[in-house]
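>>> for reference, the sequence and a predicted model appear below.
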Amino acid sequence: MAERKPPSVTYALTRALKAVKTGPEHAPTVALAKRYAAAIDEDPAMLARLGRPFLAVLVELKMTPKVRAGVIIGEGDEDDEQTGDAGEGGADRDGDSGGDAGDGDPLDELRNRRDRRKYGAAAVDTTAP
């Protein structure tokens, strides 16, 4: 009995694209996602190099479970997604929704600060005394 090959990334992407609303404004992003998928299919070792950029494209197209949950619940608006503040479903790394800065784990607060800096926030808290 021949071993069955798993579906390609391109095939999975094509099926997933049918389930999301995309318009002409999404064409370049969809094209990029297809190129990443084809490159990964051609050489699976490319996943190590293209995995994160491919995931970023999928997030932009709202094709990840975390982002879709935020869209369905209504917690993720576009400003939050661009800054990294709870835009992907309203949850932080360990799955809770955050809230006040004082009610969470200090390590989570530091991770959130680091993530915000990645997206252009100031590295220094200008409101600190």
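Structure received. Please read these numbers as outputs of a predicted model, since none were measured by experiment.
>>> immediately after the helix or strand bottoming out on mean pLDDT in the chain, which helix or strand?
Taking mean pLDDT, DSSP states H and E as the measure, the chain has helix 78-83 as its least confident helix or strand, at a mean of 44. As assigned by DSSP states H and E, the chain's next helix or strand after helix 78-83 is helix 106-118.
>>> so which strand or helix has the closest residue in space to T64 that isn't next to it in sequence?
Excluding the flanking residues, the one nearest T64 by C-beta to C-beta, 6 or more residues apart in numbering is L58, at 5.3 Å. Where you see a C-beta, it was placed from the backbone N, CA and C, and this is true even at glycine. L58 belongs to helix 47-60 when assigned by DSSP H and E.
>>> can you list contacts of that helix?
Outside helix 47-60, the residues within contact range by C-beta atoms under 8 Å, 6 or more residues apart in numbering are T29, L32, A33, Y36, A37, A39, I40, T64, V67, E81, E88.
>>> any idea how far the second one is from A48?
Pointing back at L32 there. Applying C-beta to C-beta, to the nearest Å, the value for L32 to A48 is 18 Å.
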